[in-house]
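Trainee: can you look at this prediction? I've put the sequence above it.
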Amino acid sequence: MDQLTLLFALLLGSVVTVPLAEWLRVPAPVVMTVLGGGLALLPAVPEVSLPPELILPLVLPPVLYAAVQRTSWRQFAANVRPILLLAVALVFVTTGVVAAVAQLVVPDLPLAPAVALGALVAPPDPVAATAVAGRLGLPRRMVSILEGEGLFNDVTAITLYHVAIAAAVTGSFSAWGAGGELVLSAVVAVLVGLVLGWLTARLLVVLGDATLRTGLTLLVPFAAYAVAEELHGSGVLSVLVAALFLGELATDPDDVTGRLTGQSFWAVMDLLVTGVAFGLIGLELNAVLAAAAGRWGELLPAAGLTLVAVVLVRLVWLLPAAWLAKRLHRGADLREDIPFSWRETVIMWWSGMRGVASVALALAVPLTVDDGGAFPERDAMVFVAFAVVVGTLLIQGLTLPWLATRLGVRGDSGAEEALEHELAVRAASAAKDRLREIARERELPEEVTEALLRRAYELGTRISPRMAEEERRDQVSHRVRRAREFSLLHAELLSAARRAVLDARAEPGTDPEVVDRVLNALDRRGLPHG
């Protein structure tokens with residue numbers, strides 16, 4: 001088996017492990033990691049050889065861009081204090097504690113590599129945590145915290161990591177220089193992200209076609225990362241800024257095809273890239289264990305103590321930080337996403353699994369330094385990093401469902417239904433207002449006006465039957481059921497029509513391009529605006 005075949009095997013595993021994980025009631029990242037470890041044991045599977053300098057640019061940009069699709073700039077702005085308090089500051093604390101522990105248990109580890117180790121194991125993985133949180137039905141507020149924490153922790157940790165790696169490679173370090181580099185890196189990243197986001201927004205308008213626009217968004221995260229890094233900025237922050245900027249501009253209400261295409265594409269991209277990344281964790285285990293041979297007495301305690309430090313630091317920090325966030329929240333009366341009880345804080349603590357970013361950073365540690373020598377204790381760093389990632393994935397990932405059940409932490413379906421109802425009312429009201437404007441501009445037959453008014457009303461009641469008055473609720477529910485039956489029958493008619501067109505493809509003399517064009521027209525009839 002060559003490297004390309006192995007890549008295809010990981011891509012296939014990324015897809016098939018999702019239903020398998022649901023059947024086993026185990027997080028998909030854990031299953032993919034185990035699958036990678038199983039592949040590594042097969043004699044025919046080659047050792048993975050990826051250049052360290054390519055790991056971060058290939059893995060992180062699409063993962064970060066896909067994660068940003070689930071949030072927004074306004075959500076970040078509204079939760080800037082919890083993010084800074086519960087996320088960013090925790091990276092600095094974790095980095096410092098892990099660096100101290102690493103130097104204590106690995107005496108030959110210099111300070112700069114120790115800080116790099118602390119930075120690379122500091123950020124929790126939003127993919128692993130939200131995959132578990134979504135399946136458990138945890139409160140949406142908590143999922144938002146975990147997503148925001150994961151995104152901005154990655155930015156902070158990777159910036160610290162680069163500073164520490166540069167100090168280790170060059171052999172020189174200046175606190176003032178490092179501080180200035182952090183600030184400059186952030187400024188450059190924000191500027192690159194904004195400029196690239198603005199240019200992309202202009203291009204998206206020009207391109208028009210949904211396929212072309214989706215293809216352009218695939219290039220954006222890689223371009224943002226590469227350009228920012230070339231200008232000595234933070235690549236991950238640049239990707240984050242560009243994605244948030246573009247997300248705020250996605251305001252065309254009639255771009256149904258674009259939204260459906262983009263959402264589907266990035267869901268697939270997220271699935272494949274994260275699956276491959278977690279598969280690499282398992283595949284690299286053999287090489288990591290082989291590199292640690294002969295040093296078990298030193299590295300196993302180091303890995304165990306680092307794992308304990310990472311887990312305990314998160315708890316020790318979150319308990320007072322969550323209390324302080326609640327006090328500030330009450331005093332300012334803000335609508336922030338914060339853990340409202342000690343139970344939610346405990347779930348947040350136990351959701352701090354490490355994953356894609358930590359593995360990518362560990363594998364990206366350079367092999368040599370500027371003077372040509374080997375990077376100090378690289379094998380030890382990689383071993384400890386992998387132990388922390390695998391340990392948190394297996395221990396926390398497998399026990400988080402049990403813990404959430406024991407503590408009774410569940411999603412607030414009432415709040416979600418209330419928001420759904422509010423949005424349904426707003427949608428129906430907007431449709432009615434537009435109908436009144438049209439009626440003033442032109443004379444509409446009374447039966448047309450009544451039919452459209454009924455459509456506008458049902459637009460909301462289909463989403464939230466609560467819109468209907470109590471005495472009319474049964475009537476509305478009946479109409480909704482009939483509308484759904486009609487939709488199902490309409491879907492069957494469209495299916496028969498599509499089948500006939502597809503059968504024509506096999507007939508002699510039929511132009512496949514014409515077949516695809518007709519099929520596309522039928523497919524569009526099935527979209528909400530069709």
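Mentor: Thanks, I have it. Residues are numbered from 1 along each chain as shown.

Trainee: low-confidence ranges in the stretch 401-530 of the chain?
Mentor: 410-419, 457-480, 483, 525-530 (pLDDT under 70).

Trainee: in it, which spans are strands?
Mentor: For the stretch 401-530 of the chain, no strands are identified by DSSP state E, counting those that start in this stretch.

Trainee: could you pull out the helices for it?
Mentor: 413-441, 446-463, 470-504, 512-525 (DSSP state H, counting those that start in this stretch).

Trainee: can you spell out which helices and strands pack onto the shortest one?
Mentor: Pointing back at helix 512-525 there. If you count contacts as 3 or more Cβ pairs under 8 Å, 6 or more residues apart in numbering; DSSP states H and E, helix 512-525 packs onto helix 470-504. Yep, even glycine has a C-beta here, placed from its N, CA and C like the rest.

Trainee: 10 Å - rerun?
Mentor: helix 256-291, helix 470-504 (3 or more Cβ pairs under 10 Å, 6 or more residues apart in numbering; DSSP states H and E).

Trainee: most neighbours per residue, which of those?
Mentor: When you average the neighbours per residue for each of the helices and strands packed on helix 512-525 (mean count of other Cβ atoms under 10 Å), helix 256-291 leads with a mean of 19.

Trainee: following element in sequence after the helix or strand Val195 falls within, please.
Mentor: Assessed by DSSP states H and E, Val195 sits inside helix 175-207. Counting by DSSP H and E, the next helix or strand C-terminal to helix 175-207 is helix 210-230.

Trainee: CA-only coordinates of that next one in PDB, if you can.
Mentor: What follows is helix 210-230, C-alpha atoms only, in PDB (Å, rounded to 0.1, in the frame of the first residue of the first chain):
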ATOM      1  CA  ALA A 210     -23.100  28.900  -7.000                       C
ATOM      2  CA  THR A 211     -20.500  26.300  -8.100                       C
ATOM      3  CA  LEU A 212     -17.900  28.900  -8.900                       C
ATOM      4  CA  ARG A 213     -18.600  30.800  -5.600                       C
ATOM      5  CA  THR A 214     -18.300  27.600  -3.600                       C
ATOM      6  CA  GLY A 215     -15.000  26.800  -5.300                       C
ATOM      7  CA  LEU A 216     -13.700  30.300  -4.500                       C
ATOM      8  CA  THR A 217     -14.600  29.800  -0.800                       C
ATOM      9  CA  LEU A 218     -12.400  26.700  -0.800                       C
ATOM     10  CA  LEU A 219      -9.400  28.800  -1.800                       C
ATOM     11  CA  VAL A 220     -10.100  31.500   0.700                       C
ATOM     12  CA  PRO A 221      -8.900  29.800   3.900                       C
ATOM     13  CA  PHE A 222      -5.700  28.500   2.200                       C
ATOM     14  CA  ALA A 223      -5.000  31.900   0.700                       C
ATOM     15  CA  ALA A 224      -5.600  33.700   4.000                       C
ATOM     16  CA  TYR A 225      -3.300  31.400   5.900                       C
ATOM     17  CA  ALA A 226      -0.500  31.500   3.300                       C
ATOM     18  CA  VAL A 227      -0.600  35.300   2.800                       C
ATOM     19  CA  ALA A 228      -0.700  36.100   6.500                       C
ATOM     20  CA  GLU A 229       2.200  33.600   7.300                       C
ATOM     21  CA  GLU A 230       4.200  35.100   4.400                       C
END
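
Trainee: and that helix, how far from the chain's centre?
Mentor: Remark: helix 210-230 is offset 17 Å from the chain centroid, using Cα atoms, centre = their mean, to the nearest Å.

Trainee: what's the answer for stretch 105-112, then?
Mentor: 33 Å.

Trainee: can you check stretch 358-370 too?
Mentor: 23 Å.

Trainee: and it, how far apart are its ends?
Mentor: 24 Å (Cα to Cα, to the nearest Å).

Trainee: on that earlier part again, and of the helices and strands packed on helix 512-525, who's closest to Ser144?
Mentor: Of all these, it is helix 256-291 that lies closest to Ser144, at 17.3 Å by Cβ to Cβ.

Trainee: the bottom helix or strand of this protein by mean pLDDT?
Mentor: helix 126-136 (a mean of 62; mean pLDDT, DSSP states H and E).

Trainee: the helix or strand following that one: which residues count as buried?
Mentor: Downstream of helix 126-136, the next assigned helix or strand under DSSP H and E is helix 140-170. Neighbour-count burial for helix 140-170 flags 140-169 (criterion: 16 or more other Cβ atoms under 10 Å).

Trainee: thinking again about what came up before, tabulate the helices of the stretch 401-530 of the chain (CSV), appending distance to Asn286.
Mentor: CSV is the format used below for the helices of the stretch 401-530 of the chain (distance: least, Cβ to Cβ, whole Å):
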stretch, distance to Asn286
helix 413-441, 45
helix 446-463, 52
helix 470-504, 47
helix 512-525, 46
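
Trainee: which one of these lies nearest to Gln103?
Mentor: helix 413-441 (46.8 Å).

Trainee: which of the residues in the closest one are buried?
Mentor: 421, 424, 427-428, 431-432, 435.

Trainee: residues touching Pro376, list them.
Mentor: 106, 108-110, 112-114, 116, 168-169, 369 (Cβ atoms under 10 Å, 6 or more residues apart in numbering).

Trainee: between these, which has the most around it?
Mentor: Per-residue neighbour counts (other Cβ atoms under 10 Å) across those peak at Ala116, which has 32 neighbours.

Trainee: dump the residue contacts of the residue lying closest to it once chain neighbours are set aside.
Mentor: With sequence-adjacent residues excluded and distances taken as Cβ to Cβ, 6 or more residues apart in numbering, Ala116 is closest to Ala164, at 3.8 Å. Counting by Cβ under 10 Å, 6+ apart, Ala164 touches 95, 99, 111-120, 173, 178.

Trainee: just the buried ones from these?
Mentor: Neighbour counting by 16+ other Cβ under 10 Å classes 95, 99, 112-120, 178 among these as buried.

Trainee: outline the domain layout of the chain.
Mentor: The record's domain split for the chain, according to automatic domain parsing, is 49-411, 413-467.

Trainee: most packed of these?
Mentor: Most buried of the domains of the chain by mean neighbour count (mean count of other Cβ under 10 Å) is domain 49-411; its value is a mean of 19.

Trainee: show me the shaky parts of the stretch 1-150 of the chain.
Mentor: Ranges of the stretch 1-150 of the chain meeting pLDDT under 70: 1, 49-52, 74-76, 78-79, 82, 86-87, 126-141.

Trainee: helices of that one, start to end?
Mentor: 3-24, 28-41, 52-68, 73-78, 80-83, 89-105, 111-121, 126-136, 140-170.

Trainee: between the buried ones among the contacts of Ala164, which is nearest Leu271?
Mentor: Leu120 (24.2 Å).

Trainee: show the contacting residues for the closest one.
Mentor: Going by Cβ under 10 Å, 6+ apart, Leu120 touches 95, 98, 157-158, 160-161, 164-165, 354, 357-365, 381-382, 384-385, 388-389.

Trainee: distance of it relative to Phe278?
Mentor: 16 Å (Cβ to Cβ, to the nearest Å).

Trainee: again, but for Thr257
Mentor: From Thr257 to Phe278 the distance is 32 Å (Cβ to Cβ).

Trainee: returning to that earlier point: quick one: which of the buried ones among the contacts of Ala164 is nearest to Val273?
Mentor: So of the buried ones among the contacts of Ala164, ranked by how close each gets to Val273 (Cβ to Cβ), first place is Leu120, at 18.7 Å.

Trainee: and the closest one, how far is that from Trp317?
Mentor: 18 Å.

Trainee: Gly179 is in contact with Thr159, isn't it?
Mentor: No: look at Gly179 against Thr159 with Cβ atoms under 10 Å: they stay out of range, at 11.3 Å.

Trainee: may I see the helices and strands packed on helix 512-525 arranged in JSON lines, with distance to Leu203 as well?
Mentor: JSON lines is the format used below for the helices and strands packed on helix 512-525 (distance: least, Cβ to Cβ, whole Å):
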{"stretch": "helix 256-291", "distance to Leu203": "13"}
{"stretch": "helix 470-504", "distance to Leu203": "33"}
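
Trainee: thanks again, I'm all set now.
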